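> Fold the following.
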Amino acid sequence: MNLSIIVPTFNEAPNVEELIRRIGAFVAPGTAEVVFVDDSTDDTPAVVRRVAASAPLPVRVIHRETATGGLGGAVLEGIAAAQARVCVVMDGDLQHPPEEIPALVGRYEQGGADVVIASRYAGGATSRGLADRTRVFVSKASVAVTRAMFPVRLRGVSDPMTGFFLIDTEAVDLRGLKPRGFKILLETLARRSVRVAEIPFDFAERTAGESKASLRQGVHFLTQLTLLRFGKMSAFAVVGGLGAVVNLAIVWALTRLGVDYIVAAVIAAEVTIIGNFVLMELFVFRDMKAEASAMWSRFAKSFGFNNAEALVRIPVMALMVETWHLSAVVATAITLVVAFIVRFVFHSLVVYAPRKPGAKSGAREFAEKIDEQAMSPGEL
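Just a heads-up that it's a prediction; the model follows:
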């Protein structure tokens, strides 16, 4: 076998026959197998076995009585049982079009990639299979937060949340991964150094069955994300928490001295903006400074964004004081909690984003030209 197609399923009986038919239409006979890893409570395993009897390619089903590790655990179990070195992982609900399997394989065969991702957000892709605007917003927000937490590992990855991807199991060591939910690709990218390529695809609408998206899945995702990136975000939270305490203390002290609460909030914001930047440089993003822009550029971005954020936050705080009759300290605390998430995303994705290879700022290019002229030979 050249290719093993891993399909984790949970109550997808109505989609099995069509999925196998479409895979068989786009995969050459004798070159691939399909391995279903099933956690269903319906007759999905029986349907897979019935369809396998007349399928144009080998089809197996592994039914798990205990769904250890959730969907991520199912994927790893399927890969462990695969006969081929190269595996394609896809859902069984037909939202991942089997017609894209040759494109994944073709990109892998070009070389330079251990993992090829079918992305809903790469150029030319669509996410029309998401049920409504709320799902689209949640999906894009989740991707943004995830990339913010792993700006180096996920550099150039537009869709780390996809469940449709190809992986070279000999090039990527999957041992030691601890799947806690359904985002096994995210855990692989976050915990392993891999070469990644992407192809765009159209995320299709579900043809049968019900979506597995739920509040519980959302909680699992947030838990997984927090555990994967606990270190950096916790450090950011500590710095942010310390800044919030200092901010509240300054507001309290100045208002007690008779300073207007708006003026007190502005002074407190400026002091904590500078202090937080220094602490982030020293403790939070220290490992990212070497690949990021120059220090003065980082400070300018951080200072400018935080002041812009304060221009929004302080009027909101004033509105809460004047309209809801909250104390200035309570209103400040509420707005700072909301600002924490926004600040983290911006600093990870923008302030400490890795420079593009060969990219130089205008000031750096000017300084290098001056230096070149100064050191060049000449006559007195």
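> Going by neighbour count, which residues of stretch 256-270 are buried?
Within stretch 256-270, the residues that count as buried by 16 or more other CB atoms under 10 Å are Tyr261, Ala264, Ala265, Val266, Ala268, Ala269. (Glycine included, C-beta is placed from N, CA and C.)
> What sits closest to the third one if chain neighbours are left out?
Read that as Ala265. Sequence neighbours aside, Ile314 is the residue nearest to Ala265 in space, at 5.3 Å (criterion: CB to CB, 6 or more residues apart in numbering).
> Next, the residue minimising distance to the centre of the chain: secondary structure please.
The centroid of the chain falls nearest to Thr146 when counting by CA atoms, centre = their mean (3.0 Å). Of the three states, Thr146 takes helix under DSSP: H, G, I helix; E, B strand; the rest coil.
> circling back to that earlier point, give me the element the residue nearest to Ala265 is part of.
Using DSSP states H and E, Ile314 falls within helix 295-324.
> Just put the buried residues of stretch 256-270 in JSON lines and tack on pLDDT.
Formatted as JSON lines, the buried residues of stretch 256-270 follow (pLDDT from 0 to 100):
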{"residue": "Tyr261", "pLDDT": "85"}
{"residue": "Ala264", "pLDDT": "91"}
{"residue": "Ala265", "pLDDT": "87"}
{"residue": "Val266", "pLDDT": "87"}
{"residue": "Ala268", "pLDDT": "91"}
{"residue": "Ala269", "pLDDT": "86"}
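> Let me have those residues in CSV, adding secondary structure and distance to Tyr108 as columns.
Compiled in CSV, those are given as follows (DSSP: H, G, I helix; E, B strand; the rest coil; distance: CB to CB, whole Å):
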residue, secondary structure, distance to Tyr108
Tyr261, helix, 60
Ala264, helix, 59
Ala265, helix, 55
Val266, helix, 55
Ala268, helix, 54
Ala269, helix, 50
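> which one of these sits closest to Thr9?
Among those, Ala269 lies closest to Thr9 (CB to CB), at 51.9 Å.
> Grab the nearest non-local neighbour of the closest one.
Using CB to CB, 6+ apart, the closest residue to Ala269 is Ala310 (4.4 Å).
> Return the residues in contact with the one you found.
The neighbours of Ala310, taking CB atoms under 8 Å, 6 or more residues apart in numbering as the test, are Val266, Ala269, Ile273.
> in the stretch 201-350 of the chain, which spans are helices?
Assigned by DSSP state H, counting those that start in this stretch, the stretch 201-350 of the chain shows helices spanning 215-228, 230-256, 261-279, 295-324, 328-346.
> least reliable of those helices going by mean pLDDT?
Looking at the helices of the stretch 201-350 of the chain, the lowest mean pLDDT belongs to helix 215-228 (a mean of 58).
> re earlier: OK, contacts around the residue nearest to Ala265?
By CB under 8 Å, 6+ apart, Ile314 lies in contact with Ile262, Ala265, Val266, Ala269, Thr335.
> quick one: which of the residues you listed is nearest to Ala113?
Set against Ala113, the nearest of those by CB to CB is Thr335 (43.9 Å).
> For that closest one, grab the count of nearby residues.
20 (other CB atoms under 10 Å).
> how much distance is there from stretch 307-326 to the middle of the chain?
31 Å (CA atoms, centre = their mean, to the nearest Å).
> Output it as CSV, nothing but the C-alphas.
The C-alpha coordinates for stretch 307-326 follow below in CSV (Å, rounded to 0.1, in the frame of the first residue of the first chain):
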residue,chain,number,x,y,z
ASN,A,307,-2.6,53.3,23.8
ALA,A,308,-5.2,52.7,21.1
GLU,A,309,-6.7,50.0,23.2
ALA,A,310,-6.8,52.4,26.2
LEU,A,311,-8.5,55.0,24.1
VAL,A,312,-11.3,52.5,23.6
ARG,A,313,-11.2,51.0,27.1
ILE,A,314,-11.2,54.2,29.1
PRO,A,315,-14.4,55.6,27.5
VAL,A,316,-16.1,52.2,28.0
MET,A,317,-15.0,52.4,31.6
ALA,A,318,-16.4,55.9,31.9
LEU,A,319,-19.6,54.8,30.5
MET,A,320,-19.8,52.0,33.1
VAL,A,321,-19.1,54.5,35.8
GLU,A,322,-21.6,57.1,34.6
THR,A,323,-24.4,54.8,33.4
TRP,A,324,-24.1,51.7,35.6
HIS,A,325,-22.8,53.7,38.6
LEU,A,326,-19.9,51.3,39.2
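> low-scoring stretches of the protein, by residue?
The chain contains residues with pLDDT under 70 at 127-132, 134-135, 178-182, 205-234, 356-380.
> try it again with 50
Counting by pLDDT under 50, the ranges of the chain that qualify are 212, 214, 370-380.
> okay, now the domains of it?
Split into domains by automatic domain parsing, the chain comes to 3-228, 230-363.
> Return the most buried member of those.
Greatest average neighbour count among the domains of the chain goes to domain 3-228 (a mean of 18), per mean count of other CB atoms under 10 Å.
> OK, contacts around the residue lying closest to Thr44 once chain neighbours are set aside?
Nearest residue to Thr44 in three dimensions, chain neighbours excluded: Ala13, at 4.5 Å (CB to CB, 6+ apart). Ala13 makes contacts with Ser40, Asp42, Asp43, Thr44, Val47, Gly209, as judged by CB under 8 Å, 6+ apart.
> how near is Ala13 to Ser40?
Ala13 is 7 Å from Ser40, where distance means CB to CB, to the nearest Å.
> just to revisit the earlier point, turn the helices of the stretch 201-350 of the chain into CSV, columns for distance to Ala141.
Shown next, in CSV, are those (distance: least, CB to CB, whole Å):
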stretch, distance to Ala141
helix 215-228, 11
helix 230-256, 16
helix 261-279, 24
helix 295-324, 18
helix 328-346, 9
